[in-house]
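K.L.:
Requesting a structural model of the entry that follows:
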Amino acid sequence: MNIELLHCHGKDIAVISSDETMITDVQSALDLAMTVKYETGATRLVLSKGLFDETFFILSTGLAGEILQKWINYHIKVAIYGDFSHYTSKPLHDFIYESNQGTNFFFTASQEEAVEKLSQVP
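P.N.:
Now for the predicted structure:
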């Protein structure tokens, strides 16, 4: 795992990259967030879609909702970037849309857009 710490608009944002799937369940998502927070102090994370097991994007598993709730409970804001266009699930598209209207969890096309979104929210 590689962590790059950026300072944008007075906010610390950690960009996490890895060649392997790192988030497979709620505990691995929480462990990642807490590791980054401990090592960098950042509570805003930019994550590639590739870091997530595909079950995250199947909303009927409940995994996305559980992870999002944990991150919100621990005051972690996250932006996931990647190509989401190949998903055909209407509930997933609705989830992405609704998430992007809030201030805690975002889906973006690029890493740069993810950093910008996280730097703009309170």
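K.L.:
So for the nearest residue to Ile76 once chain neighbours are set aside, what's the pLDDT?
P.N.:
Leaving out its chain neighbours, the residue that sits closest to Ile76 by Cβ to Cβ, 6 or more residues apart in numbering is Ala33, at 4.7 Å. Every residue, glycine included, has its C-beta placed from N, CA and C. Here, the pLDDT recorded for Ala33 equals 97.
K.L.:
And the strand or helix carrying Ala33, what's buried?
P.N.:
Taking DSSP states H and E as the criterion, Ala33 maps to helix 26-40. By 16 or more other Cβ atoms under 10 Å, the buried positions in helix 26-40 come out as Val26, Ser28, Ala29, Leu30, Leu32, Ala33, Val36, Lys37, Thr40.
K.L.:
for it, packing partners?
P.N.:
Helix 26-40 makes packing contacts with strand 2-8, strand 11-17, strand 44-48, helix 63-73 when contacts are defined by 3 or more Cβ pairs under 8 Å, 6 or more residues apart in numbering; DSSP states H and E.
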